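Enquirer: sequence isn't available, so here's the structure alone:
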C-alpha cells in the first residue's frame, strides 16, 4: 500500500468539499447566515432528512400505535445510529448539531474513501488502479451525499470495512461493524445477508453463480457465529419498535407517511440524466457479470430494487451512491480506456450540477 496515494485521496476529497462550500456561497448568496461557523455550515449541508435526525436527537422516538403510525409518526423510518453518534459528539465536545454533523461527515467520508482504496488494493492488487478507481468514486454524480448531514458516509464506512474484515479474516471486528451497520439504514440487514454470501465465496463454498459446494466444516460453523450479533441487534431494534409502536417493522410501515408511489419523479428530464448514467454503469457491469462475484451482483440489484419496491423511486440516487462493487468494476473498465480522465471530468461536472439542484432543494436530489 502506498501511503502517498492515501494522501492524494484525502487531498482530493477535502478539495471537493471546499468546492462544495464555494459553490454554495455562489448559489445561495444571501440565503446563508455568515455570522458563525455553525449557521454557515448548517445553511449549506443541513437539508432534507437532516431535519429528521435533528428531531430525533432533540425529541427521541415517539410512542405510537399501528392505527396512526403510517399517518403521522414517519420519524420511525429513520434508524438510530447516525443521530446517536451526532448526539454523543454534541455532548462530549459541547458542539452544536451542525458542527458535530459536519465533523462526523468529514471523518466518516474520508475513512469510507480510504476503505474504497484499501478494498480495491486487496481486490486488484494494483495501487495505481486502486487510486484511479477511488478518485472516480469521489467524482461520481451523487457522491456529494457523503458530505451532507445524512447517513450515506456512515453506511458506506461500515459496509466497506465489513467486507474488508471478511477479506482479512478479522471476524470479531466484522461482528462489531455489521452490528452497527444494521442500525444505520433499512438496508443494513440486507447487507449482512450479502456479507454472509461474500464469506461463503471466500471459503470456496460458492463459486460463480451456479456452482455450490455445500460441505460444512467446523471452521465455517465458527465463522458463521460472528453473524449472530448483527441479527440479534436488528431483532432487538424490532422489539423496541414493537414496544413503542405495536409494529415490529415500524420503519417499513411508515413509508406510507410520505404518500410515495413507485412512479418516476415529476422532474423526469432532470432525473433521467443520472438514471441514464447509472444504467450505463449497470450495462458495463453486466457485460462481464459472470466474472463478478455473486455477492457483488446481489448487493447491487437488491439495493436498487428496494427503493422501487417500497415506492421510493426518487431515492435511487441515495441508495446507489453506496454500491461500491458497481463502481469498482466499472472503474476498472474505465481505467483501461484512453479517455478515463475525460470521463472523470464529465461525471464531476454532472455531480456539481446535481449538487446545485440539491442546494436548491430540488425533489430529484432528495
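Expert: In hand now; what should we look at? Keep in mind that this is a model prediction, so the values were computed, not measured.
Enquirer: past the longest helix seen in the chain, which element shows up next along the chain?
Expert: When the chain is parsed with DSSP state H, its longest helix is helix 97-124. Per DSSP states H and E, the first helix or strand lying C-terminal to helix 97-124 is helix 127-138.
Enquirer: pull the distance from that next one to the chain's centre.
Expert: Between the mean C-alpha point of helix 127-138 and the mean C-alpha point of its chain there is a distance of 18 Å (C-alpha atoms, centre = their mean, to the nearest Å).
Enquirer: just the angle between it and helix 97-124, please?
Expert: 140 degrees (axes from the mean of the first three to the mean of the last three C-alpha atoms, to 10 degrees).
Enquirer: low-confidence ranges, the protein, go.
Expert: For the chain, the stretches flagged by pLDDT under 70 are 1, 208-212, 214-216, 256-272, 274, 310-314, 363-366.
Enquirer: quick one: the strands in it?
Expert: Per DSSP state E, the chain carries strands over the ranges 206-207, 211-212.
Enquirer: what's the first one packed up against?
Expert: Okay, so that is strand 206-207. helix 188-202 (3 or more C-beta pairs under 8 Å, 6 or more residues apart in numbering; DSSP states H and E). (C-beta placed from N, C-alpha, C; glycine too.)
Enquirer: if you set the cut-off to 10 Å instead, what comes out?
Expert: helix 188-202, helix 294-309 (3 or more C-beta pairs under 10 Å, 6 or more residues apart in numbering; DSSP states H and E).
Enquirer: with mean neighbour count and distance to residue 226 as added columns, please give those in TSV.
Expert: Formatted as TSV, the helices and strands packed on strand 206-207 follow (neighbours: other C-beta atoms under 10 Å; distance: least, C-beta to C-beta, whole Å):
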stretch	mean neighbour count	distance to residue 226
helix 188-202	20	9
helix 294-309	18	16
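Enquirer: rebuild those as CSV, extending it with distance to residue 25.
Expert: Shown next, in CSV, are the helices and strands packed on strand 206-207 (distance: least, C-beta to C-beta, whole Å):
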stretch, distance to residue 25
helix 188-202, 35
helix 294-309, 32
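Enquirer: between the ones you listed, which gets nearest to residue 155?
Expert: Nearest to residue 155 among the helices and strands packed on strand 206-207 is helix 188-202 (7.4 Å), distances taken as C-beta to C-beta.
Enquirer: so what's residue 126 up against?
Expert: Residue 126 sits next to 120, 132, 133, 332, 335 when contact means C-beta atoms under 10 Å, 6 or more residues apart in numbering.
Enquirer: and the last one, how far is that from residue 134?
Expert: This means residue 335. Distance of residue 335 to residue 134, computed by C-beta to C-beta, to the nearest Å: 11 Å.
Enquirer: do the fourth one as well
Expert: From residue 332 across to residue 134, the span is 12 Å (C-beta to C-beta).
Enquirer: kindly report the same for the first one.
Expert: Using C-beta to C-beta, one obtains 6 Å as the distance from residue 120 to residue 134.
Enquirer: wait, isn't residue 204 in contact with residue 219?
Expert: No. Using C-beta atoms under 10 Å, residue 204 is not in contact with residue 219; the gap is 11.4 Å.
Enquirer: need the helices for the stretch 1-150 of the chain, in chain order.
Expert: Assigned by DSSP state H, counting those that start in this stretch, the stretch 1-150 of the chain shows helices spanning 3-28, 37-45, 50-59, 66-72, 81-93, 97-124, 127-138.
Enquirer: report the buried residues of the fifth one.
Expert: For helix 81-93, the neighbour count (16 or more other C-beta atoms under 10 Å) marks 81, 82, 83, 85, 86, 87, 89, 90 as buried.
Enquirer: need the nearest residue in space to the last one, chain neighbours excluded.
Expert: Of all residues not flanking residue 90 in the chain, residue 100 sits nearest, at 4.8 Å (C-beta to C-beta, 6 or more residues apart in numbering).
Enquirer: which residues touch the one you found?
Expert: Contacts of residue 100 by C-beta under 10 Å, 6+ apart are 38, 57, 85-94, 149.
Enquirer: give the contact list for the nearest residue to residue 135 once chain neighbours are set aside.
Expert: Of all residues not flanking residue 135 in the chain, residue 12 sits nearest, at 5.9 Å (C-beta to C-beta, 6+ apart). Residues counted as contacts of residue 12 (C-beta under 10 Å, 6+ apart) are 113, 131, 134, 135, 138, 139.
Enquirer: counting neighbours, what do you get for the nearest residue to residue 96 once chain neighbours are set aside?
Expert: Among residues not flanking residue 96 along the chain, residue 38 sits closest, at 4.6 Å (C-beta to C-beta, 6+ apart). Neighbours of residue 38 under the rule other C-beta atoms under 10 Å: 17.
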